[in-house]
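A.B. asks: what follows is a predicted structure for the sequence shown.
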Amino acid sequence: MLSLELIAVVSGAACVAGLLLAVVALVGTRRPRGSRPGGGSGLDRLWRGPGGTPSEQRSYQALLLAALVAGALAFLLTGLPVVGLLVAVAVPGTPWLFGVGKAEQRAIARIEAVGEWTRRLKDVSNTGQGLQQSIIGTIGSVPPGVEDEVRLLAARLQAGWVARSALLAFADEIADPVCDQVVAALILHLSDRGERLGDVLGSIASAASAEVATRREIEAKRTQPRFAVRFLTGMTLATLAYGLINTEYIKPYGTPVGQVVMAALGAAFIALLAWVRSMSQPQRPARFLPAPDPSEVIA
């Protein structure tokens, strides 16, 4: 009896995995920023996920395994492959839907950190040090939101990178127009060596504070649609849980036609949730600085 249950679980996992791979083959996977186009097979990209750091990749892989296990168990309980697929999609989809707004909150906190770092860079540069030494001098007092990026910028300058390329790489990692303004002022200072750098940095820091205040006000107005996303997500999870507990509830979908209908309804509802989530997300601000040229990195 135990062996039959094990075979059923393995078969369910294989069925759900096959359906997930079919979905991936149709819609593709999001490639991490900075990775080479076409690098690795589709399965390799699916396993590595969109994470840019090892910890993010491990979290993604654990979530992927949990999705396969949950989908297999759902298939075992109901005998319906579409239910297993929906449960497997719900495992990574739930934190994605409940986490709506967190990316923008992190972006706002990062802009605030950029403004604070700009003020500190202004204070250090007013002591008469050069730009490179001023940037290195701010390492000990970098705000937490951009600490890694500033330390990497200083390390690149110390390693002999061209200052312009190092600054462009820094702006590319922050990926926000406010940081682009700071980097543009620093790049212009490299060519003209003007004496008003401190005044320019002070103005940009003040503008960053105003930008943070504006974005936070807009975020407060997006509370209602984001609550709708979380409410719909909770109702969906409750419906799935009830269907798993009470198999009579989903018994009409047990036929092949019923499975097709369930798949269509599930896809439509997932699309609805994604659409409502997208309405509560701000548009990505346009940047004006280019990416660094790899051929001009080292002096």
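C.D. replies: Received, thanks. For clarity, every value in this text was computed on a predicted model and none was experimentally measured. Numbering: from 1, shown residues only.

A.B. asks: hey, let's count contacts and neighbours off CA atoms from now on
C.D. replies: Will do.

A.B. asks: pLDDT score for Leu201?
C.D. replies: If you check Leu201, the pLDDT there is 84.

A.B. asks: mind giving me the packing neighbours of the helix or strand hosting it?
C.D. replies: When secondary structure is defined by DSSP states H and E, Leu201 falls within helix 197-221. Judged by 3 or more C-alpha pairs under 8 Å, 6 or more residues apart in numbering; DSSP states H and E, helix 197-221 is in contact with helix 102-125, helix 177-192.

A.B. asks: got the contact list for the next helix or strand after it?
C.D. replies: Going down the chain from helix 197-221, the next helix or strand is helix 223-245, by DSSP H and E. With C-alpha atoms under 8 Å, 6 or more residues apart in numbering as the test, helix 223-245 has contacts from 74, 77-78, 87, 90, 94, 97-98, 100-101, 249-250, 273, 276-277, 279-280.

A.B. asks: narrow those residues to those in helices?
C.D. replies: The helices, defined by DSSP state H, take in Ala74, Leu77, Thr78, Val87, Ala90, Thr94, Leu97, Phe98, Leu273, Val276, Arg277, Met279 from the contacts of helix 223-245.

A.B. asks: from those residues, list just the buried residues.
C.D. replies: Buried residues within these, counting neighbours by 16 or more other C-alpha atoms under 10 Å: Ala74, Leu77, Thr78, Val87, Ala90, Leu97, Phe98, Leu273, Val276, Arg277.

A.B. asks: and Ala268, how many neighbours?
C.D. replies: Burial measure for Ala268: 12 neighbouring residues, criterion other C-alpha atoms under 10 Å.

A.B. asks: actually, Ala213.
C.D. replies: By the criterion of other C-alpha under 10 Å, Ala213 has 14 neighbours.

A.B. asks: and it, how close does it get to Ala159?
C.D. replies: From Ala213 across to Ala159, the span is 37 Å (C-alpha to C-alpha, to the nearest Å).

A.B. asks: repeat that for Lys251.
C.D. replies: Remark: distance between Lys251 and Ala159 (C-alpha to C-alpha) = 66 Å.

A.B. asks: between the two, which is the more surrounded one?
C.D. replies: Lys251 (14 against 11).

A.B. asks: what distance do you get for that one to Thr214?
C.D. replies: 51 Å.

A.B. asks: again with Ser191
C.D. replies: 33 Å.

A.B. asks: what about Asp180, how many residues nearby?
C.D. replies: Residues near Asp180, counting by other C-alpha under 10 Å: 21.

A.B. asks: need the mean per-residue confidence for the helix or strand containing Leu63.
C.D. replies: Leu63 is part of helix 54-78, with elements assigned from DSSP H and E. For helix 54-78, the mean per-residue pLDDT is 83.

A.B. asks: how far off centre is it?
C.D. replies: Relative to its parent chain, helix 54-78 has a centroid offset of 19 Å by C-alpha atoms, centre = their mean, to the nearest Å.

A.B. asks: still on that earlier bit, of all the ones in helices among the contacts of helix 223-245, which two lie farthest apart?
C.D. replies: Greatest spacing in those, by C-alpha to C-alpha: Leu77 and Met279 (35.7 Å).

A.B. asks: and the angle for the helix or strand hosting Val82 with helix 102-125?
C.D. replies: Per DSSP H and E: Val82 is located in helix 81-98. Put simply, helix 81-98 runs at 30 degrees to helix 102-125, going by axes from the mean of the first three to the mean of the last three C-alpha atoms, to 10 degrees.

A.B. asks: the closest residue to Phe75 other than its chain neighbours and Met262, how far apart?
C.D. replies: Take Phe75 and drop its neighbours on the chain: the residue closest to it by C-alpha to C-alpha, 6 or more residues apart in numbering is Gly84, 4.6 Å away. From Gly84 across to Met262, the span is 12 Å (C-alpha to C-alpha).
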